[in-house]
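In: give me a 3D structure for the following:
(one chain, ligands or ions: 1)
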Amino acid sequence: MTTEKPACDCLNWCGDDPWLRDGRAEPCAEAKKREADRQEILAIKDRVKALAASAQDKGLVVIDAELMASIHITMDRLR
Ligand SMILES: [Zn+2]
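Out: Sure thing, here's the model as predicted:
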């Protein structure tokens with residue numbers, strides 16, 4: 001995907017360029033990775049909440065192996 005926007009010009013920490021907030025700049029690779037990580041964590045939180053709700057409804061607690069693996073991968077990446 002090509003864009004006419006300049007990449008962000010972050011000063012103190014990646015993502016602090018005010019142009020990112022008003023859409024005048026395109027996020028750099030680091031900012032995109034941070035956002036992808038954030039979205040992944042939100043998705044995992046949603047899945048955990050849904051699992052907990054369904055487990056409560058059924059009167060049991062079950063965490064499938066795929067979910068546990070994705071939680072471990074995310075935790076390792078955040079370290
Ligand atoms: Zn940046």
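In: make it CA atoms for all contacts and neighbour counts henceforth
Out: OK.
In: near the ion, which residues of this structure are found?
Out: Neighbours of the ion within the chain, by CA under 5 Å from the ion: C8, C10, C14, C28.
In: filter these down to just the ones in strands.
Out: Among the residues of the chain next to the ion, no member is found in strands (DSSP state E).
In: what is the nearest of these to V48?
Out: C14 (29.0 Å; CA to CA).
In: so the closest one touches E30, yeah?
Out: Yes - counting by CA atoms under 8 Å, E30 is a contact partner of C14 at 6.9 Å.
In: so the two - more neighbours on which side?
Out: C14 (16 against 11; other CA atoms under 10 Å).
In: pull out the buried positions in the longest helix anywhere in the chain.
Out: Longest helix in the chain by number of residues (criterion: DSSP state H): helix 29-58. Residues of helix 29-58 classed as buried: A31, I41, I44, V48, L51, A52 (neighbour count, 16 or more other CA atoms under 10 Å).
In: verify the contact between the second one and T74 for me.
Out: When you say that, I think you mean I41. Yes - I41 lies in contact with T74 (CA under 8 Å); the separation is 7.2 Å.
In: from A43, how far out is the closest residue to R47 other than its chain neighbours?
Out: What sits nearest to R47 in space, not counting adjacent residues and going by CA to CA, 6 or more residues apart in numbering, is L67, at 8.0 Å. Between L67 and A43 the computed distance is 11 Å (CA to CA, to the nearest Å).
In: repeat for D37
Out: For D37, the distance to A43 - CA to CA - is 10 Å.
In: residues contacting the closest residue to the ion within the chain?
Out: For the chain, the residue closest to the ion is C14, as judged by CA to the ion, at 4.2 Å. Applying CA atoms under 8 Å, 6 or more residues apart in numbering to C14 gives the contacts E30, A31.
In: just the pLDDT for it.
Out: Listed pLDDT for C14 reads 83.
In: now do V61
Out: For V61, the model assigns a pLDDT of 64.
In: now swap in A53 and tell me
Out: 83.
In: again with W19
Out: Note on W19: pLDDT of 91.
In: I am finished for the moment; much appreciated.
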